[in-house]
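# Sequence and predicted structure below; questions after.
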Amino acid sequence: MLRSLSVLIWIGWYGFLETLRNRLLLGVSLLILPILGASLLLNTYDLGFQAKIVKDIGLNIISIFGLFIVLILSLDQIIPDMERRSIYFVLARMSRRGIYLAGRFLGVAASLAFYQTIMGGFLVLLLYSQAGIWYDELAIGIFVLFLKQCVLLSVILTLATFTSKIVIMSLGILIYGLGHTYDLFRMLADKQSNTIFSWLIECVAFFLPDFSLYEIRINIVHELPFQTSSLLVLTVYTCALCMFYLALGGNILSRRDL
Amino acid sequence: MYGAPSIRHLGGFPRRWLVILFLLVIAWTALWSLKARHGGSSFDAYDNTLPELAVRILPRQVRDLVAGYLWLTADEYIHFGPSRANTGRFLAGAYAGNTEIIPVLEMALFFDPTRIDAYAILGRNLTLFLPRFQDGIRLLQRGVFYNRDDPQLHELFTEIAFNFGFIEDYRTGMRNNRAVGLKYLEAAIRAFKRTNGGLVKTLSIWRPENIQAIQARWLLEAGKKDQALEALKAAGLDQDLNIPLSQDVFRSLGASMTSQRPTPSTYTASVAKTSSSTSSSETGHSEKAESVHDDAEHQHEHQHKHSGHDSTSSSGALFHSFGLMVIAGILLFTSVPGFKPSAKNQ
């Protein structure tokens, strides 16, 4: 058990270092900071700094960049290892293939947390320097974004165990889009009183993540109270989903003929 | 031996590149010739900055989508209270003095300059509730320019007139300028007729009957009783109706009218009649909007100097507008090859 945990952490750590060495990602992340700073240019009529719009745009930029990190980095984790045959050296030192998958997940999640902390910290400092107020609710917003992207990451890593890159990209985006629109489909099914359609939606929603739960932009931007218990439930939901997908991916990987 | 190398001696390099450059120049010329021919959308640069021009690279649908999202975001911002940084400065649910919707609406207009509703809200917020009168008027004029064929164009003209005519009620230290406002009301009526505004159903209060009621009131204040009476007749207001505004005006005029109100079908005709009697010939060009703007600005400045509403004669203003139009027409005709003033109306 301890050995497996140690292997998991080492894979995650080296995955994180590998990500940091990715110059493209570092360049893009450095480009994001001036874009966040450009929100100062929104003061067109000299009416003063408007914190709400800066928070809103900042969170959206961080969310989009996080999505890029997940899509770009997760594709570079398992498939290249298989293509280069370097996965054999790693798997030779561990008992279960699921540990390898979880380690890769940990590496990308750590990178995600690293970049989001930098961007979120910059946004909070920018707001403090202009408005003179610590918008601490932004930390919650960025944490929830991190949870959301971790779920997507686990889904994409699971897909990476058995499909090609193009299919992963397509399915990943499809699942991400679908995850935001369950309520819309439920409403349509209710309006049409279509039981089969409703049942089908619930079946899909049971296995695929519901990303609309992570939409707390309104609470963060408009400074509405956010319950701690909701945050805890969301964290539990995220952990459960990530573990489910990683277990599924590990199972598929262990049955696959490499 | 060391003389200037000919084109042939350079291994064909300049010749090949010259041909490519020549083709590029032909393509570029064809592109801009086409744009000049269908200039309605391509030469809309009113106050374009480099970012505004750059964003035009995006397809129209994408820009509309982004603008629509920002419009909805502005609506969301209106319905929530201000941020902690702006506590107590404005109320939730109202746009009055709401500085937080301004960047959002500005961005919506950045992506889609034809979003006419955004101009009205943003312009009124800037002029009446925030100390940005000139900015608000300029923005509304920009809206007129970009929406010159929109059936709601008359609403923008009326917004400008309203801002000029009622600014005293909202801002201390500023004076109403109803002579300028009247010019914009006339432009609103003309725009309603030209853009077939009557065919569009809207919930806006800026319907022509309301516009003409205000016009009548302001004409009466300016001592133009005949025109005021004509505007009232066109508006369909009579003294039998329990409308304080019309009763006041009728009482001042000492006129009597029948209680017959025009039907919607006859209304457009009466608008046409009134507008033709109160204004010069209808051209429908953006230059007209520009000339109204220039005229109004000129008159505004003049009135500030002389502090009298009737000091500028309407015939002088008309002459000024006509002169500006002629100069603008000559300039356009001589600078753009193949320019046909009549083609813009088609």
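Great, that's in hand. Residues are numbered from 1 along each chain as shown, chains lettered A, B, ... in the order given.
# hey, let's count contacts and neighbours off CA atoms from now on
OK.
# What does residue B:59 show for phi and psi?
Here is the backbone geometry of residue B:59 (degrees, to the nearest 10): phi -60, psi 150.
# Quickly find the element holding residue B:119.
Following DSSP states H and E, one finds residue B:119 within helix B:116-124.
# Dump that helix to CSV, restricted to CA.
Output of helix B:116-124 as CSV, limited to C-alpha atoms (Å, rounded to 0.1, in the frame of the first residue of the first chain):
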residue,chain,number,x,y,z
ILE,B,116,-29.6,49.5,-31.0
ASP,B,117,-31.1,48.8,-27.5
ALA,B,118,-27.7,49.0,-25.9
TYR,B,119,-27.1,52.5,-27.3
ALA,B,120,-30.4,53.7,-25.7
ILE,B,121,-29.6,52.4,-22.2
LEU,B,122,-25.9,53.3,-22.2
GLY,B,123,-26.5,56.7,-23.7
ARG,B,124,-29.2,57.7,-21.3
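# For the following helix or strand past it, buried residues please.
Per DSSP H and E, helix B:116-124 leads on to helix B:133-146 as the next helix or strand towards the C-terminus. Neighbour-count burial for helix B:133-146 flags B:133, B:136-137, B:139-146 (criterion: 16 or more other CA atoms under 10 Å in any protein chain shown).
# cool, stretch B:190-200 as well?
B:190-198.
# quick one: low-confidence parts of the chain?
No chain in the question, so chain A it is. The model of chain A has no residue with pLDDT under 70.
# wait, chain B
Chain B contains residues with pLDDT under 70 at B:1-13, B:35-48, B:237-346.
# biggest helix in it, by residue count?
Determined from DSSP state H, the single longest helix within chain B is helix B:13-37.
# Which single one of the buried residues of helix B:133-146 is nearest to chain A?
residue B:136 (9.8 Å; CA to the nearest CA).
# Correct me if wrong: that closest one contacts residue B:120.
No. The criterion here is CA atoms under 8 Å, and residue B:136 misses it with residue B:120 at 9.4 Å.
# sec struct for the nearest residue to residue A:153 once chain neighbours are set aside, please.
Ranked by CA to CA, 6 or more residues apart in numbering or on different chains and with sequence neighbours excluded, the top spatial neighbour of residue A:153 is residue A:70, at 5.8 Å. What DSSP: H, G, I helix; E, B strand; the rest coil gives for residue A:70 is helix.
# Quick one: residues contacting residue A:70.
Contact analysis of residue A:70 by CA atoms under 8 Å, 6 or more residues apart in numbering or on different chains lists A:108, A:112, A:149, A:152-153.
# Turn those into a markdown table, columns for neighbour count and secondary structure.
Shown next, in a markdown table, are those (neighbours: other CA atoms under 10 Å in any protein chain shown; DSSP: H, G, I helix; E, B strand; the rest coil):
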| residue | neighbour count | secondary structure |
| --- | --- | --- |
| A:108 | 27 | helix |
| A:112 | 23 | helix |
| A:149 | 26 | helix |
| A:152 | 27 | helix |
| A:153 | 28 | helix |
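# and stretch A:38-51 with chain B, contact?
Yes. Using CA under 8 Å from any CA of the partner chain, stretch A:38-51 comes into contact with chain B via A:42-45, A:47, A:50-51.
# So among the residues you listed, which ones count as buried?
Of the residues of stretch A:38-51 next to chain B, these count as buried by 16+ other CA under 10 Å: A:42, A:47, A:50-51.
# now, which of those sits nearest residue B:168?
Nearest to residue B:168 among these, counting by CA to CA, is residue A:47 at 21.4 Å.
# The closest residue to the closest one other than its chain neighbours: what secondary structure?
Leaving aside its chain neighbours, residue A:47 sits nearest to residue B:99 (6.8 Å; criterion: CA to CA, 6+ apart). Three-state assignment for residue B:99 (three-state DSSP): coil.
# Point out the residues in the stretch 51-200 of chain B that sit beside chain A.
B:77, B:80-85, B:99-100, B:103-104, B:132, B:135.
# And the strands in the stretch 1-150 of chain A, which stretches?
Taking DSSP state E, counting those that start in this stretch as the criterion, the stretch 1-150 of chain A carries no strands.
# Would you mind listing what in it touches chain B?
So far as CA under 8 Å from any CA goes, the stretch 1-150 of chain A lies against chain B at A:42-45, A:47, A:50-53, A:131-133.
# again, only using 10 Å
A:39, A:41-54, A:56, A:127, A:130-133, A:135 (CA under 10 Å from any CA of the partner chain).
# out of the residues you listed, which are inside helices?
A:51-54, A:56, A:127, A:130-131.
# Give me the buried subset of those residues.
Buried among those by 16+ other CA under 10 Å: A:51-54, A:56, A:127, A:131.
# what's the most distant pair in those?
A:56 and A:131 (14.8 Å).
# follow-up on the earlier one: who are the neighbours in contact with the residue nearest to residue A:47?
Neighbouring residues of residue B:99 by CA atoms under 10 Å, 6 or more residues apart in numbering or on different chains: A:43, A:45, A:47-50, B:78, B:82, B:86, B:89-90, B:122, B:125-126, B:129-130.
# and the gap between it and residue A:44?
11 Å (CA to CA, to the nearest Å).
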